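Novice: Here is my input, please return the structure:
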Amino acid sequence: MQKTIPFLMFTGNNCGKTKEAVTFYTSLLPNSEIKEIKGFEPGEPGAEKGLIKHVLFSLAGTEYMAADDPEGSYSFNPSVSIAVNCETDTEIETLYQALLKEGKVMMPLDSYGFSRKFAFFSDQYNFSWQLILF
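Specialist: Next up is the predicted model:
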């Protein structure tokens, strides 16, 4: 049976940062790993720049894919985000501080009525996150 897998395309100023971002993300959440990473083959567009053609990784057991796209003229936006259900105050605060570094806050870590703590922000790669503590 087929399954869907979210795919992150690193373009524009983020092109060339796929491996860095995926390594960072997998270091923050338990049960996360880089499963497979492939660069471009010699002669393929992107090969001379050392870009990532394909990476399969998991965050907290959920699979994702990512790649560098030197031709893309689009970028991440807040309409798509990864939501992380946190179990403790320490977990949500640690993730918030790590992921927010050089990012942009849309909703700071606080109580909003629908959860004890919640945050909505983008990270240094302009990818959006929602952290939730029920």
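
Novice: Show me how the chain divides into domains.
Specialist: 7-68, 81-133 (automatic domain parsing).

Novice: In contact with Ser73, which residues?
Specialist: 11-12 (CB atoms under 8 Å, 6 or more residues apart in numbering). Where you see a C-beta, it was placed from the backbone N, CA and C, and this is true even at glycine.

Novice: okay, the domains of the chain in CSV with mean neighbour count next?
Specialist: Formatted as CSV, the domains of the chain follow (neighbours: other CB atoms under 10 Å):
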stretch, mean neighbour count
domain 7-68, 16
domain 81-133, 16
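
Novice: could these go into CSV alongside mean pLDDT?
Specialist: Converted to CSV, the domains of the chain look like this (pLDDT from 0 to 100):
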stretch, mean pLDDT
domain 7-68, 94
domain 81-133, 97
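
Novice: can you put those in a markdown table and add distance to Tyr74?
Specialist: Listed next are those as a markdown table, based on distance: least, CB to CB, whole Å:
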| stretch | distance to Tyr74 |
| --- | --- |
| domain 7-68 | 6 |
| domain 81-133 | 11 |
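
Novice: three-state assignment of the spatially closest residue to Leu100 that is not a sequence neighbour?
Specialist: Distances taken as CB to CB, 6 or more residues apart in numbering place Phe121 nearest to Leu100, at 5.4 Å, with adjacent residues excluded. With DSSP: H, G, I helix; E, B strand; the rest coil as the basis, Phe121 sits in strand.

Novice: Bridge partners for Phe121, pull those for me.
Specialist: Beta-bridge partners recorded for Phe121 (DSSP bridges): Val105, Trp129.

Novice: Appreciated, that's everything.
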